[in-house]
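J.: Mind looking at a prediction? Sequence and model below.
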Amino acid sequence: QVQLVESGGGLAQAGGSLRLSCAASGRTFGSYAMGWFRRAPGKERDFVVAISGSGDSTYYADSVKGRFTISRDNAKNMVYLQMNSLKPEDTAVYYCAARRYAGSWLSFKDVAYDSWGPGTQVTVSS
């Protein structure tokens with residue numbers, strides 16, 4: 001398993017931007033699909049976006065499509081989430097997750113991910 005730590009959360013105004021980073025340990029980072037999930041107050045943890053091990057494929061939840069962009073740098077063991085046009089409903093704790101896979105890389109289900117970071121708070125004010 002990889003160890004994950006998120007950073008970059010904070011307070012933003014509606015319409016603003018934030019960039020989250022996720023640092024991963026381990027020498028086989030490129031063999032993991034990476035995902036971002038979020039948990040809003042009083043709600044379940046939801047899928048936001050995922051990226052394949054090579055970075056060639058991505059998949060976004062409809063709620064963030066066109067506003068958020070995921071990327072990864074396998075040489076640095078890093079994953080990024082650029083969040084633009086933020087809305088108050090984006091307020092949540094954001095989690096980075098890693099999934100070792102054979103076959104299909106994509107999963108929307110948090111139970112499919114093997115490793116999780118502690119999370120970083122994102123608050124968007126109106």
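T.: All right, it came through fine.
J.: middle-most residue in the protein, spatially?
T.: Nearest residue to the geometric centre of the chain (Cα atoms, centre = their mean): Trp36, 2.1 Å.
J.: Surely it touches Val48?
T.: Yes - counting by Cβ atoms under 8 Å, Trp36 does reach Val48; the two are 4.3 Å apart. Backbone N, C-alpha and C define where each C-beta goes, glycine included.
J.: Next, show the common contact partners of the two.
T.: Shared contacts of Trp36 and Val48 (Cβ atoms under 8 Å, 6 or more residues apart in numbering): Leu81, Tyr94.
J.: Show me the strands in the chain, by range?
T.: All strands of the chain, identified by DSSP state E, fall at 4-7, 10-13, 18-24, 32-39, 45-51, 58-60, 68-73, 78-83, 92-100, 115-116, 120-125.
J.: Check which helices and strands the third one is in contact with.
T.: Applying 3 or more Cβ pairs under 8 Å, 6 or more residues apart in numbering; DSSP states H and E, one finds that strand 18-24 makes contact with strand 4-7, strand 32-39, strand 78-83, strand 92-100, strand 120-125.
J.: Let's see that with 6 Å instead.
T.: Packing partners of strand 18-24 (3 or more Cβ pairs under 6 Å, 6 or more residues apart in numbering; DSSP states H and E): strand 4-7, strand 78-83.
J.: Adjacent strands (with direction) for that strand?
T.: Partner strands for strand 18-24, per DSSP bridges, with pairing direction: strand 4-7 (antiparallel), strand 78-83 (antiparallel).
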